[in-house]
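Asker: A structural model of the following input is requested.
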Amino acid sequence: MSSSALLKFSLISALSACAGHRVGGSETAHRIGCYTVRSAGVDTVKVWFPDTIALLSSRSKDEVIADLYGTRLNDRDAKNMSLLAFGWRPLATDSLRIVGTSGFFGVEFEGRFTDEGFEGSTASFTDVIDNEPIPRHRIIGTRARCLGFAARAA
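Answerer: The predicted structure is shown next:
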């Protein structure tokens with residue numbers, strides 16, 4: 001397969017991954033798609049949460065997050081966060097949870113859908129129990145085009 005054909009195939013695969021399918025009913029079907037993510041005021045959160053994420057309509061194939069819907073990360077984040085399996089689920093018609101976990105550590109986001117995307121807070125977690133409070137950071141996701149995504153669902 002030529003590099004041009006491979007590029008076209010990759011783009012079609014990424015775009016089709018973001019197509020609107022039903023997830024938990026018609027209320028959340030329009031939430032399927034790609035989002036660019038930014039932290040509100042804290043740059044270090046970028047290390048723990050992807051810059052771009054696609055919410056998929058299919059169930060995750062990763063056993064660590066088998067009860068969640070799948071996601072896709074852009075190529076850079078997929079490489080940098082390769083130890084984490086990401087998944088998501090609607091908590092209600094207007095809210096969601098995104099989790100990236102290795103089974104031992106990770107990051108979780110809880111928030112609500114907005115007209116532009118989603119907003120909420122994220123925190124890292126680990127299986128080590130201590131008395132330290134876990135800081136939460138505000139995250140804003142804005143609807144985006146689905147380009148530059150890894151070929152496999154995370």
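Asker: and the strands in this protein?
Answerer: Taking DSSP state E as the test, the strands found in the chain are 33-39, 52-59, 69-73, 85-92, 95-101, 105-113, 117-126, 137-144.
Asker: export the ones you listed to a markdown table and tack on mean neighbour count, mean pLDDT and distance to K79?
Answerer: For every residue, glycine as well, the C-beta is placed using N, CA and C. Shown next, in a markdown table, are those (neighbours: other CB atoms under 10 Å; pLDDT from 0 to 100; distance: least, CB to CB, whole Å):
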| stretch | mean neighbour count | mean pLDDT | distance to K79 |
| --- | --- | --- | --- |
| strand 33-39 | 20 | 89 | 17 |
| strand 52-59 | 21 | 88 | 13 |
| strand 69-73 | 24 | 89 | 9 |
| strand 85-92 | 20 | 91 | 13 |
| strand 95-101 | 21 | 93 | 14 |
| strand 105-113 | 19 | 93 | 16 |
| strand 117-126 | 18 | 90 | 19 |
| strand 137-144 | 18 | 91 | 19 |
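Asker: partners of A54 in the sheet?
Answerer: Taking DSSP bridges, one finds C34, R72 as the beta-bridge partners of A54.
Asker: check contacts around the spatially most central residue of the chain.
Answerer: The structure's the chain has its C-alpha centroid closest to I53; by CA atoms, centre = their mean the separation is 4.1 Å. I53 makes contacts with C34, Y35, V37, T71, R72, L73, D77, F86, I98, G141, as judged by CB atoms under 8 Å, 6 or more residues apart in numbering.
Asker: from those, which is closest to V64?
Answerer: Distance to V64 across the contacts of I53 (CB to CB) is lowest for F86, with 9.9 Å.
Asker: look up how far G41 lies from the closest one.
Answerer: The spacing between F86 and G41, counted by CB to CB, to the nearest Å, is 23 Å.
Asker: got it, and S124?
Answerer: 17 Å.
Asker: over to I32?
Answerer: When CB to CB is applied, the distance between I32 and G41 equals 29 Å.
Asker: how many neighbouring residues does C146 have?
Answerer: 20 (other CB atoms under 10 Å).
Asker: again, but for K61
Answerer: That count, for K61 with other CB under 10 Å as the rule, works out to 12.
Asker: so what's it scoring on pLDDT?
Answerer: Looking at K61, its pLDDT stands at 78.
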